[in-house]
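*Asks:* Whatever this is, show me its structure:
(3 chains)
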Amino acid sequence: MERILPPQVNGEAFRGFVAEAQKAVGRDYVYLDLEWELPAYNDEYATLPKALHQPSAAVAPANVAQVQAVVRAAGRYGIPLWPISTGKNFAYGGPAPRLAGAVVLDLKRMNRILEVNEKHAYAVVEPGVSYMDMYRHLQSIGSKLWIDPAAPGWGGMLGNLVDHGAGYTPYGDHLLMQCGMEVVLADGTIAHTAMGALPGSRTTHLYKYGLGPWADGLFTQSNFGVVTRIGIWLMPEPPGYTPFMITYEREEDLYEVTERVRPLKLNNIIPNAATTVEMLWEAAVQKQRRHYHTGKGPLPESARKKLRADLQIGVWNFYGAVYGPAPIMENNLEIIRDSLTSIPGAKIYFDDDRKGDIGWEYRRQLMRGIPNMTEYNQMNWIPNGGHMDFSPISPVTGEDAMRQYSLIRDRVNRAGFDYIGEMLVGWRDMHHIFALVYDLQDEAEKRRANQLFGELIDAAAAEGYGEYRTHLDFMDKIAGTYNWNDAAQQRQRERLKDALDPSGILGPGKMGIWPQRLRKEGV
Amino acid sequence: MKTLLSLAVGLGLGTLSSTLLAEPDGRALFEQYCTVCHDRGMEYPGTARLADRWPQQPSLLDREPLEPDYVRRIVRHGLNMMPPFRPSEISARELDALARYLSTSAAQKNKIEDKEK
Amino acid sequence: MMTRRNFLTGTTGLLCGATVLPAWAGLVGDPRTDLRPVLLLSEHPDPRLPFSPREVSLEHHPLSLERAAAISHQAEGPLSVDNYSALVALGTPAAIFALRTQLGSRWRVVMRGMHGAKAARLHEIHAPASLAGSLAGAVGAARDEYDFAGNLLALDLDPRELFKQKRISRLHQAQCWADTARASLLALPGRAV
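*Replies:* Purely as a prediction, here's the structure:
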């Protein structure tokens, strides 16, 4: 592995920056070693050569003062930084930077839980705190607050939230639950947003919007500042929790399920992120493909049938939960049953019915705020798969669900991959997550996966569906689909970028936003 | 209802150990970072993966001693579906301690010890 | 960076070196029918091997911890049992351990050796009972690990018998082969699972 320097940076500038970074954080925390440090910052699941996202170095500050010093040094030497929190989302690139040669600003060491407020039900965390960390901490102090973890529990509370991630409890819309933010700007200034901008504020983490424009959103999925602290509302443990699963026998049942789930979600009868899971997603978290089919290409129907029988699942498997005092849960469950189990072939299961079932257990835990890594078993499906997630947003209608499902499934199968997908219903939208799983040891397959991903983006955009989040390789392309009115939104973002980060040192290329000096690096 | 405030709880084993110059605790590091995937049970992805090859000892908790250099290599470079861990998560010193822990026998790894905290 | 698949293709092509070996070398099974080469994995590209009268082919590939850790688990990979009649590996304890861990389950490891790990002249052999006994001579007569490999390759072995026997450990006092601890491994193709 050779060191790759960032564009427009010569050896002298790089060395100058490194020396200042070492002074700021200590030599031990500036990582330069090409054999024993930097390989850990590569995109382990890359479908293109890893050098495309290889950093020149990584710097791990311990606190905000060190972050300021590093950011200022980067400004002086023109070094692009790529901030990461826990850096564990390997579906989207993990810790690797968009721009080869960037220096990763690794905030993992800033892992303090600054406050857990039981009375007002919130916590304040730094970027390095994982769901596991917080869960263990809350358990250790006897807290009655729940977290809302994303599926792999090693993910970061702050990182996932600022990347617009989601979970499976009633607090599943993570950005909605964020309140209060500290951000280091490109010139090294620290800003506290919203109510936090009032010195001694008593409501920094209680009221989101402060006075004037709510700027917190600008620092999410973007490169306008380095987020170093957030407040997150936590759900107080309800008196009761009843998760359930309903299996459906036919592919076309997706239509009716989605239509019936919509009013249940709109009226908060199902308060959590209700998820309709396709059978292969269920299978992939607990089985290996080769035990059902040894050839390449999508699973034949005979294998799918056997899987369903072995796992006691349907073609579609709906997961939801009710929360609260028993009378409310019973009342709402009755409404849910009336609506969702009257589709022919539907079968409802509760915890007692599915004890020991790995697929059930991990969902039961997630819907109740217990982090785990079971979904990561999808990498065992091939086995030794990598993955990239394709995540278009859909209206909550049967028609859209079926359209999205066939749009993706058909192309995916034709390209020789399995359709592994699920649909998470939120407030008004459905997140359709397709996990593109490929053999890490097959270079041709990885290239095909990359190609397929690009085709899916185009196909979805042509039908009016945009993605909400993506991998490093596709940030420019997907940003490019949001081009209404001669890309007015993009041009607006570039103006903001140039104003907030004139030297173009923060996260160049994040979600297709490039600083002026590097604008030609993008599409 | 009483307000419970727990302020500034530091979780960083890395920062803690280098500040106090204490010998990092390999077992504690394993519990912190590795058990999420390598604990006993097929719901743990690392264990599920290793079960094919090591059906008698799929969890690292029950595995024969591992060579320290090999452990270091895997942790920093990854191995197939296992992504690497960065030095900001597990420092070089901590990795040595973790590798030492994994180089002990299964019996030694699981010995119940009086933990002095 | 070393990728999974190019472990054996490497940067210098598929064969890093080929040496012709005595055909009476027992490891190739029935020499009248098994034409597959023996695979030798070791750090150096041109290992010395003792002369012997019969001709058998040997394929050598370099071995390091980095390469061993990158080996594909897949049965169809470059280290497939279908390509070779036996596998002998020499290297650091970590590299040999990595190799043993990464080898697919169709390779049956019949001998593991640790040389100079516990003490300079101490060789620990872990193998089926009949093999462990006969290796005393192979260890004793060897000046270095390549001599040992050559002696291993000269043994007459019946895989079916070896696979059935229980493994035991034997310690042998013999010449010290290197300044640091070294390890060795012998594997034979097993039946498809």
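*Asks:* Distance of residue C:176 relative to residue C:132?
*Replies:* Counting by Cβ to Cβ, to the nearest Å, the gap between residue C:176 and residue C:132 amounts to 21 Å. For every residue, glycine as well, the C-beta is placed using N, CA and C.
*Asks:* Identify the single longest helix in the chain, thanks.
*Replies:* No chain specified, so I'll use chain A. helix A:443-462 (DSSP state H).
*Asks:* Wait, chain C was what I had in mind.
*Replies:* helix C:129-140.
*Asks:* Next up, phi/psi of residue A:169, please.
*Replies:* Dihedral pair for residue A:169: phi -100, psi -180, per degrees, to the nearest 10.
*Asks:* re earlier: looking only at pLDDT, what's the mean for the longest helix of chain C?
*Replies:* Helix C:129-140 shows a mean pLDDT of 87.
*Asks:* ok, back up a step: does chain B sit close to the longest helix of chain A?
*Replies:* No: shown here: helix A:443-462 not in contact with chain B (Cβ under 8 Å from any Cβ of the partner chain), separated by at least 13.3 Å.
*Asks:* just checking, what packs against that helix?
*Replies:* If contacts are counted by 3 or more Cβ pairs under 8 Å, 6 or more residues apart in numbering or on different chains; DSSP states H and E, helix A:443-462 sits against strand A:385-390, helix A:398-414, strand A:429-439, helix A:475-481.
*Asks:* just so I know, which of those lies nearest chain B?
*Replies:* strand A:385-390 (6.4 Å; Cβ to the nearest Cβ).
*Asks:* Briefly note if the closest one comes near chain C.
*Replies:* No: legend: contact between strand A:385-390 and chain C by Cβ under 8 Å from any Cβ is lacking; minimum distance shown is 11.2 Å.
*Asks:* relative to helix A:398-414, how tilted is that strand?
*Replies:* 140 degrees (axes from the mean of the first three to the mean of the last three Cα atoms, to 10 degrees).
*Asks:* How about the contacts made by the residue lying closest to residue C:189 once chain neighbours are set aside?
*Replies:* Closest residue to residue C:189 apart from its sequence neighbours, by Cβ to Cβ, 6 or more residues apart in numbering or on different chains: residue C:81 at 3.7 Å. Taking Cβ atoms under 8 Å, 6 or more residues apart in numbering or on different chains, we find residue C:81 in contact with C:75, C:104, C:106, C:107, C:189, C:190.
*Asks:* mind running it again at 7 Å?
*Replies:* C:106, C:107, C:189 (Cβ atoms under 7 Å, 6 or more residues apart in numbering or on different chains).
*Asks:* Turn those residues into TSV, columns for secondary structure, neighbour count and pLDDT.
*Replies:* Below are the contacts of residue C:81 laid out as TSV (DSSP: H, G, I helix; E, B strand; the rest coil; neighbours: other Cβ atoms under 10 Å in any protein chain shown; pLDDT from 0 to 100):
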residue	secondary structure	neighbour count	pLDDT
C:106	coil	16	82
C:107	strand	23	89
C:189	strand	20	88
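*Asks:* Would you mind writing the CA trace of the helix or strand that contains residue A:180 as CSV?
*Replies:* Take DSSP states H and E as the rule and residue A:180 turns out to sit in strand A:178-184. C-alpha atoms of strand A:178-184 as CSV (Å, rounded to 0.1, in the frame of the first residue of the first chain):
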residue,chain,number,x,y,z
GLN,A,178,-32.3,15.1,18.3
CYS,A,179,-32.3,18.2,20.5
GLY,A,180,-29.4,20.5,20.8
MET,A,181,-26.1,20.3,19.0
GLU,A,182,-22.5,21.4,19.3
VAL,A,183,-20.6,21.9,16.1
VAL,A,184,-17.0,23.0,15.2
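*Asks:* For the next helix or strand after it, name the packing helices and strands.
*Replies:* Next helix or strand after strand A:178-184 toward the C-terminus (DSSP H and E): strand A:190-192. Where contact means 3 or more Cβ pairs under 7 Å, 6 or more residues apart in numbering or on different chains; DSSP states H and E, strand A:190-192 is packed against strand A:178-184.
*Asks:* Could you give the number of residues near residue 96?
*Replies:* Using chain A here. Using other Cβ atoms under 10 Å in any protein chain shown, residue A:96 has 26 other residues around it.
*Asks:* Oops, wrong one, chain B.
*Replies:* Neighbour number of residue B:96 under other Cβ under 10 Å is 17.
*Asks:* Equivalent analysis for the one 3 residues further on, please.
*Replies:* Neighbours of residue B:99 under the rule other Cβ under 10 Å: 21.
*Asks:* center of the chain - which residue?
*Replies:* Went with chain A since none was named. The centroid of chain A falls nearest to residue A:165 when counting by Cα atoms, centre = their mean (4.1 Å).
*Asks:* wrong one, I was asking about chain C
*Replies:* By Cα atoms, centre = their mean, the most central residue of chain C is residue C:88, 1.2 Å off.
*Asks:* Can you give me the distance of that one to residue A:19?
*Replies:* 49 Å.
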